[in-house]
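Trainee: just the structure for this:
(chains A and B)
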Amino acid sequence: GNSVTQMEGPVTLSEEAFLTINCTYTATGYPSLFWYVQYPGEGLQLLLKATKADDKGSNKGFEATYRKETTSFHLEKGSVQVSDSAVYFCALSGGTSYGKLTFGQGTILTVHP
Amino acid sequence: DAGVIQSPRHEVTEMGQEVTLRCKPISGHNSLFWYRQTMMRGLELLIYFNNNVPIDDSGMPEDRFSAKMPNASFSTLKIQPSEPRDSAVYFCASRGDEGVLTAQYFGPGTRLLVL
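Mentor: You can find the predicted model right below:
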């Protein structure tokens, strides 16, 4: 079945540092890939998405590229801010889990001034 | 546009009581999902509906949990009787009819504490 693996957290960075959160997946066919962000005390918000190989999703300075050859969808941001402190979830839809999202375990990001 | 609406936002109850959580999906969305989030188990899909019909309820933990979707704009998740291990944040999400590969949109969640 489908699975999503995220890098272990928590990740702690200083403001303006470069961010990478790794995400790899296992799925048959051509799933869609997503990054969701959860701020403290809130629900999950869609951050960005990609629906086919080599697509790049981007939003609020974050980017991720759908790499089918490496089955990866790593999240990057060139310069993080304190306000980016949150939990980030990689997810996929499609493959064997028709209609359902498969989530990674989440990565806690803390950005210090 | 209004997003997914959930009520109540917080619920504190005593063991054995009935709890009803409510969700209003985004207008025009035809799929609705109920999730539970805990520190120990992370995000778990409990049940999802398509066009008001339950498609997959394999995540519903036991018979104490039930979910209904009487129409396209309303769903409930009921726990009867509630137990302390049901304490969690319960999220509702909805998805449009563009297909199963499109994104789900989440509500703010209901924080449930069962004493």
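Trainee: buried residues in stretch A:42-49, which are they?
Mentor: Of the residues in stretch A:42-49, A:G43, A:L44, A:L46, A:L47, A:L48, A:K49 count as buried by neighbour count, 16 or more other C-beta atoms under 10 Å in any protein chain shown. Where C-beta positions appear, they are placed from N, C-alpha and C, glycine not excepted.
Trainee: chain center to the lowest-mean-pLDDT helix or strand in chain A: distance?
Mentor: Across the helices and strands of chain A, mean confidence by mean pLDDT, DSSP states H and E is lowest for strand A:97-103: a mean of 78. With C-alpha atoms, centre = their mean, to the nearest Å as the basis, strand A:97-103 stands 15 Å off its chain's centre.
Trainee: how about stretch A:10-26?
Mentor: Chain-centre distance of stretch A:10-26: 9 Å, with C-alpha atoms, centre = their mean.
Trainee: got the CA positions of that stretch in PDB?
Mentor: Output in PDB follows, covering the C-alpha atoms of stretch A:10-26 (Å, rounded to 0.1, in the frame of the first residue of the first chain):
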ATOM      1  CA  PRO A  10      12.300  18.300  15.500                       C
ATOM      2  CA  VAL A  11      14.200  20.800  13.300                       C
ATOM      3  CA  THR A  12      15.500  23.900  15.000                       C
ATOM      4  CA  LEU A  13      16.800  26.800  12.900                       C
ATOM      5  CA  SER A  14      17.800  30.400  13.200                       C
ATOM      6  CA  GLU A  15      15.900  33.000  11.400                       C
ATOM      7  CA  GLU A  16      16.900  33.400   7.700                       C
ATOM      8  CA  ALA A  17      18.400  29.900   7.600                       C
ATOM      9  CA  PHE A  18      17.800  27.500   4.700                       C
ATOM     10  CA  LEU A  19      15.200  24.800   5.300                       C
ATOM     11  CA  THR A  20      14.900  21.400   3.900                       C
ATOM     12  CA  ILE A  21      12.400  18.800   5.100                       C
ATOM     13  CA  ASN A  22      12.800  15.500   3.300                       C
ATOM     14  CA  CYS A  23       9.800  13.400   2.200                       C
ATOM     15  CA  THR A  24       9.800  10.100   0.300                       C
ATOM     16  CA  TYR A  25       6.900   8.100  -0.700                       C
ATOM     17  CA  THR A  26       5.800   4.600  -1.900                       C
END
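Trainee: need the contact partners of that stretch.
Mentor: Outside stretch A:10-26, the residues that touch it by C-beta atoms under 8 Å, 6 or more residues apart in numbering or on different chains are A:2-7, A:31, A:33, A:35, A:64, A:70-82, A:84, A:88, A:90, A:92, A:102, A:104, A:107-113.
Trainee: one more: stretch A:33-44?
Mentor: Contacts of stretch A:33-44 with the rest of the structure, by C-beta under 8 Å, 6+ apart, involve A:23, A:25, A:45-51, A:57, A:62, A:64, A:66, A:73, A:75, A:86-93, A:101, A:103, A:106, B:4, B:91, B:93, B:103, B:106-109.
Trainee: where in the chain is pLDDT low?
Mentor: Reading this off chain A. For chain A, applying pLDDT under 70 flags the ranges A:95-98.
Trainee: sorry, should have said chain B
Mentor: Using pLDDT under 70, the flagged stretches of chain B are B:1, B:98-101.
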